[in-house]
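A.B. asks: Give me a model of this one.
(chains A and B)
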Amino acid sequence: MSEVFGAWAPLVPLLFVAVAGLLLMAVDAFVKERAELALGTSLILALGAALAIALWEQSATPEESELLGHWIANDRLALFIDIVVCAGASLAALLAGGYLREHRLERGEFYVILVFSAFGAMVLGRATDVLTLFIALETLSLGAYGMVAFRRQSPRAAEGAIKYFLLGSFASAILLFGSALIYGATGHTDFVGIAATIESGSADLRLAILALALLLVGLGFKISAVPFHMWTPDAYEGAVTPATAFMAVVVKASVFGVLLRVLFVAFGDEMLASGTAGWPPALAALAAATMVVGNLAAIVQKSVKRMLAYSSIAHAGYIMVGVTAAAVGTEAGQWNEEALASVLYYLMAYTASNVLAFGSLIAAGSYGKEATTYDDLAGLGRRHPWIALPFALGVLSLMGFPPTTGFFAKYYVLEAAVLAGGGMVWLAVLGVITSAIGAYYYLRVIVFLYMKQPEPGAPVAVPMRSFYVGAALVLSGYFVLRMGIAPGAYLEMAIEAARQIG
Amino acid sequence: MSSAVLVVAFVVACLAVLYARREHLPFGSRVGGGVAVIVTFAALGWRLYGDYAGTHLLSTLLAIPMLGALVILFMPRQWVDGIRATSIVFMLVELLVSTWLLDADYSMAARGGADAAPAAYLFVEDGAWIPAFGIRYQLGIDGISLWMVLLTTLMTPISLYVSWSSVSTKIKEYAVAFLLLEVGMVGAFVATDLFLFYVFWELMLVPMYLIIGIWGGKDRIYAAIKFFLYTMAGSLLMLVAILYVASAYHRQAGGEWSFALADLLRLSFPLEEQLLLLCAFSLAFAIKVPMFPFHTWLPDAHVQAPTGGSVILAAVLLKLGGYGFLRFALPLFPQAWHFGLESRSFGSFIAVLAVIGIVYGALCAWVQRDVKKLVAYSSVSHLGFVMLGIASANASGVSGAVLQMVAHGISTGALFILVGVIYDRRHTRDLADFGGLAKVMPWYAVIFVIVTMSSVGLPGTNGFIGEFMILAGTFASDDLGAWQTMFVFVAATGVILAAVYMLHAVLKMFWGPLDQKENLALADLNHREVIVLVPLVVAVFWMGLFPRTLLDSIEPSVERVLVEYRADWNRGFSSEVTLEPRPEPPAAPADPAAEEGDGADAAGAPAADGAGAPAAAGGGGR
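C.D. replies: Sure thing, here's the model as predicted:
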């Protein structure tokens, strides 16, 4: 590819998705029969992921980096985020193909929004400058707002979208303010420049710390870390379910990607990233709060979708444990690669398991009889074993049960935390206790699937039949098992990507 | 014999069984046909995969039930008879294959003399699973796990077969759950890599959870979730402890990961760290045993589970707790175990809880009206003995504990089956609803009394030997401090209490007037129940009269564990984590396979150490 595209080769996935998205818009306008848009979208994004994989072995030369300036990175971490984002978005598009048609919502805009939002996510994974970061984040978020509000007539969707939009704009403003402050403190907007200025001691440190805190708040909102998580359950519940899956996997993956860059590249200073006084203790506290609140709140939910929303909050907490572990017990600049890799692997595992869970939830309902509560799932194991089985597999993976990928991901994060030693061991113990609590609400899904029968006379959710949803379930189910039984190749990939900042 | 002949024989046997069923031929002919099916199937398997199985016997034991689960998954759910027969055939083949484990020589003396380091495990298999983490697929078996595996392969078909009278819905899922459960149980007993052990340990949880939750009684969901959460909470803490140990190894060994037990045993931790780690491991195992304050899930789970589930839970799953203590907790943290807290050994804390459990379980059992709950509480009491034996940390006590685990598995399994028999007929388990049953169900009464005697620990039955050895061992223990006589005294009252509550139950059920009219027409044991109970009764007497069959292989392995344990705690304290160098591998001629004159396997990979003997047995047959 480098012969044709030259120095631009690392950007090929990005450009491909952008151009294909524009074409998709044109196709949508001219073609009356919109049926296969979902397939097209899914293929576009899958190709994006494939391109990223194809470029994996190609390391960026210094000239290429020069050409791209300090705006955008072209390293393996970026490609890794591309792969996760594209794969997640591709599966979400498949889910949408089944869901939207079933629920008479089939309109081409959704797919176009989805592709551009995914484009924003890919840029975000590459952002090495606060300005790129902001623009990419807005591209990503605006799409997400649109998707949440997609079911216009539903008051619930409107409520969720308004909440998401208002709070999201607020968070963006905070992020922008943080960016302004960091420019004021260091005179740089690019991460490397910021780091260099802080290290040379010429930066206004108090201002920089304030900026760091604001950036952390802004990004913490997007990954729904407690206490910035208030919007999550409402937005997740109100959104059409494929959009929920998209938010849970794509948004989270890309924001975590850029969070790693911000924390370890821009603020990786010896003092700011010290295990006792810098951001790691703050992040550890956020992680602890997120794990506890996410898991406890999920227990009392009556809607499965809300439960999954809180579970996604809890998972953000586990991922943050990994992020913190990378900075503890290490020298500045010599980050714990294993811990960084554990974060990346978790993102991948979480994507597969979450698509499986949301996909099964989608498959369990049909028009006018959408499955949302636990009661809707009662007896599904008997009536429709081929929907109950992936659902059970999905929640087992989210629970972190061997031999699914969720177990490995959680295990890897815990391993990183225990290896970091010191206070991190207790954070790992807290993670373990909260996952035991979490087992309760995941088990409830299995209880309703296999052990309960619907109340006589109660309206039952009738599962839908859709090739798209089936395909998404098979694909994500394959990855959940494949990455759980033989995770070797995927781990290698995560480790190689982590090496870029490690 | 060529494979073609075997294929034909297998098909003929299958057709014969189907014919016997259709024509309603006498029961005996169907059993004969079934045996023929199993034998030809096993012979065929041996013919085709014998070479592989000879060197990978433990993998074969894991593969058979897994294969069975896959086969059943693709069978039509309406073909109930086929599913039942297939699952039982796979389990019986598993049982048959597992008896090959007995061919090996488990005594240390026969293995290389005094100076050569004896191999701790036989049938060792070793391969990389996830190289990035140093996680290995490492299996091995010694005299302790041998009997646990055999107990598993014996009790699983029995518990599945006995279920067919009471479980009538979702047969397919039920059979698959049992087969997967067997994979998990066997795997947990043969894994010698801590990570692999953990995976199998967790793998057992889901099938058992489903068995209780789907086919259980009225409050089954509550019981199932309680069971799951208790076990999971304990085992997750154990996971952190495993990680802590492995990461210490990682640091000491210069960046090399390993979860292999043999590697991790070379670490020694400062005392405080050992104590915390030991607590984490002990919690997981104590919940599983279950020991006194963590036992509350057990009565719920037992009462709600279907008969087959209760049998397998009592017979095998609970044994994993004691096995875990013996295999992992005690050898990994010997100093914490011996010196413990404030100059009291950790073992003595365990012993206190064990003794409380013995008496408390017995008293609870005494006041139960529900027979199943009574048996469940008697388990708490009996397993208190097991834990007391392990806490004593001397040869007699620990060997007794292992023996008692097997004995408890057989007699309590049989008791749960017997309770299930009466429940199927009367749909009640309340003692007040029975009385005088010996008149209408004489054979049932005979077997019930025999099993009761074994549970009480009458000499000549299997319960006696284990309990006696445990009490003797506790008396002679060096680990329990000044209170050991007290422990023996209180534990011995547990034996008396066991007689009280069991005989009380027998009295209420079988003697007295036959005053309930529902009881007048109760049928005695049917074929299925007899088939299931006879092997257990035989085992009760065999273990009681010839305990050396088991002890010959148990004692050397226990001795090895204890020798290492004593050497470890005598070594002196270290204030930081240290790692012993890897022991030199024994010189090549000391390979036991070579000494036994089995030239074929001596040239094999060093990892296949000890696989020589069974391969020779297999080779002889061909």
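A.B. asks: Please count neighbours and contacts with C-alpha atoms only from this point.
C.D. replies: OK.
A.B. asks: For the residue of the stretch 451-600 of chain B found nearest chain A, the count of nearby residues, please.
C.D. replies: Scanning the stretch 451-600 of chain B for proximity to chain A using C-alpha to the nearest C-alpha identifies residue B:577 as nearest, at 13.4 Å. By other C-alpha atoms under 10 Å in any protein chain shown, the residues close to residue B:577 number 16.
A.B. asks: Up against chain A, what does the stretch 101-250 of chain B have?
C.D. replies: For the stretch 101-250 of chain B, the contact set with chain A under C-alpha under 8 Å from any C-alpha of the partner chain comprises B:129-132, B:199, B:202-203, B:213-214, B:221, B:225, B:229, B:232-233, B:236-237, B:240, B:243-244, B:247-248.
A.B. asks: Please give the element, helix or strand, for residue 137.
C.D. replies: Just so you know, I chose chain A. Using DSSP states H and E, residue A:137 sits within helix A:130-148.
A.B. asks: Hmm, no, I was thinking of chain B.
C.D. replies: Going by DSSP H and E, residue B:137 is part of strand B:135-141.
A.B. asks: now residue B:127
C.D. replies: strand B:122-130.
A.B. asks: Quick check: phi and psi at residue B:196.
C.D. replies: Backbone torsions for residue B:196, taken as degrees, to the nearest 10, come to phi -60, psi -40.
A.B. asks: Leaving out chain neighbours, which residue sits closest to it?
C.D. replies: Using C-alpha to C-alpha, 6 or more residues apart in numbering or on different chains and skipping residues adjacent in sequence, the residue nearest residue B:196 is residue B:137, 6.7 Å away.
A.B. asks: tell me which strands and helices the strand holding residue B:137 is in contact with?
C.D. replies: Counting by 3 or more C-alpha pairs under 8 Å, 6 or more residues apart in numbering or on different chains; DSSP states H and E, the packing neighbours recorded for strand B:135-141 are strand B:122-130, helix B:171-190, helix B:194-203.
A.B. asks: And for it, what's in contact with it?
C.D. replies: By C-alpha atoms under 8 Å, 6 or more residues apart in numbering or on different chains, the residues outside strand B:135-141 that reach it are B:58, B:121-130, B:189-193, B:195-196, B:257-260.
A.B. asks: same check, this time on stretch B:519-538
C.D. replies: B:27, B:158, B:161-162, B:410-411, B:414, B:421, B:425-426, B:434, B:437, B:440-444, B:447, B:450-451, B:514.
A.B. asks: residue in the stretch 1-150 of chain A nearest to chain B?
C.D. replies: Closest contact between the stretch 1-150 of chain A and chain B, by C-alpha to the nearest C-alpha, is at residue A:80 (18.6 Å).
A.B. asks: Now do the same contact list for that residue.
C.D. replies: Taking C-alpha under 8 Å, 6+ apart, one finds A:52, A:493-494, A:497 in contact with residue A:80.
A.B. asks: likewise residue B:90?
C.D. replies: B:64-65, B:68.
A.B. asks: who in chain A is up against chain B?
C.D. replies: So far as C-alpha under 8 Å from any C-alpha goes, chain A lies against chain B at A:401-403, A:414-415, A:418-419, A:428-429, A:432-433, A:436-437, A:439-440, A:443, A:447, A:450-451, A:486-488, A:491-492.
A.B. asks: Narrow those to those in strands?
C.D. replies: Mapping the residues of chain A next to chain B onto strands (DSSP state E) picks out no residues; all lie outside.
A.B. asks: Give the buried subset of those residues as a PyMOL selection command.
C.D. replies: To isolate the buried subset of those in PyMOL, counting by 16 or more other C-alpha atoms under 10 Å in any protein chain shown, use the following:
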select buried, chain A and resi 401+402+403+414+415+418+419+428+429+432+433+436+437+439+440+443+447+450+451+486+487+488+491
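A.B. asks: neighbouring contacts of stretch B:427-440?
C.D. replies: The contact list for stretch B:427-440 (C-alpha under 8 Å, 6+ apart) reads B:369-372, B:419, B:422-423, B:444-445, B:505, B:507-516, B:519-524.
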